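Novice: sequence first, then the predicted structure:
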Amino acid sequence: PIFLGSHFMIDFLGFLIDQDWILSRVALKLAVQHLHTRFIFIGLQERYEESSCILSHILNEYAVFGITKQRSKAHLKLHKMIESRTNHRTNTHEIIRQLSPDVLQRARRAEFLDVQLYRVAENLFEMQLESFPHCRNVSVAQR
C-alpha cells in the first residue's frame with residue numbers, strides 16, 4: 001500500500017502541482033495557512049543569529065502547552081548555538097550543471113511558489129522579532 005506520507009506520494013503531488021497552476025495556487029495557500037497556524041517559531045537562515053536568539057528564548061522560557069517552566073542547568077545558551085553553526089553546503093553550481101533541462105524548468109516554476117511563501121515567512125519573522133526586540137541585530141560578540 002502507498003501511504004500519503006511516502007516519498008512516492010510526495011513526488012507525485014509535487015508533479016501535479018508543477019503541472020497545474022490552480023493546484024499550485026492551492027498548495028501555496030495551504031502552505032501559507034500552515035505557516036500561520038502550525039508553527040510556534042519561524043527562523044531565517046540568513047538571519048541565523050536573530051533566529052537563534054528567538055528560538056533559545058522560546059525554548060528556555062516556555063514549555064509545551066504554554067506553561068512557563070523554570071530555567072534548568074541545561075538551558076540553551078545563545079552563544080553556543082551561534083558558535084556551533086556549520087555550513088554543510090556543497091558546490092551548488094556544479095550540481096546545477098548536471099541537472100537535465102526538464103528538471104531545471106520544473107525548478108524554476110516551483111521557485112516562484114517558494115519566493116511567495118518565503119515572503120510570508122519573512123513577514124512572520126519580523127512580527128515575531130517585535131516580541132523579542134533584544135534579539136534584533138544580535139551577534140556572537142554580544143553574548
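Specialist: Now that the structure is in, tell me what you want to look at. Numbers count the residues shown, from 1 in each chain.

Novice: for the rest of this, base every contact and every neighbour count on C-alpha atoms.
Specialist: Noted.

Novice: which parts of the longest helix seen in the chain are buried?
Specialist: For the chain, the helix with the greatest residue count under DSSP state H is helix 101-130. The neighbour-count check on helix 101-130 (16 or more other Cα atoms under 10 Å) flags 113, 117, 121, 124, 125, 128, 129 as buried.

Novice: touching stretch 115-125 from outside, list them.
Specialist: 28, 31, 32, 35, 42, 43, 44 (Cα atoms under 8 Å, 6 or more residues apart in numbering).

Novice: and the first one, what pLDDT?
Specialist: Here the pLDDT value assigned to residue 28 is 88.

Novice: how much space is there between it and residue 49?
Specialist: Separation of residue 28 from residue 49 (Cα to Cα, to the nearest Å): 28 Å.

Novice: likewise the third one?
Specialist: With distances taken as Cα to Cα, residue 32 is found 24 Å from residue 49.

Novice: who has more neighbours, those two?
Specialist: Using other Cα atoms under 10 Å, the more surrounded residue of residue 32 and residue 49 is residue 49, with 24 against 18.

Novice: helix or strand: which one has the more buried one?
Specialist: Using DSSP states H and E, residue 49 sits in helix 48-61.

Novice: tilt between that helix and helix 101-130?
Specialist: Calculated by axes from the mean of the first three to the mean of the last three Cα atoms, to 10 degrees, helix 48-61 forms an angle of 60 degrees with helix 101-130.

Novice: other SSEs contacting helix 48-61?
Specialist: In this structure, helix 48-61 makes packing contacts with helix 78-83, judged by 3 or more Cα pairs under 8 Å, 6 or more residues apart in numbering; DSSP states H and E.
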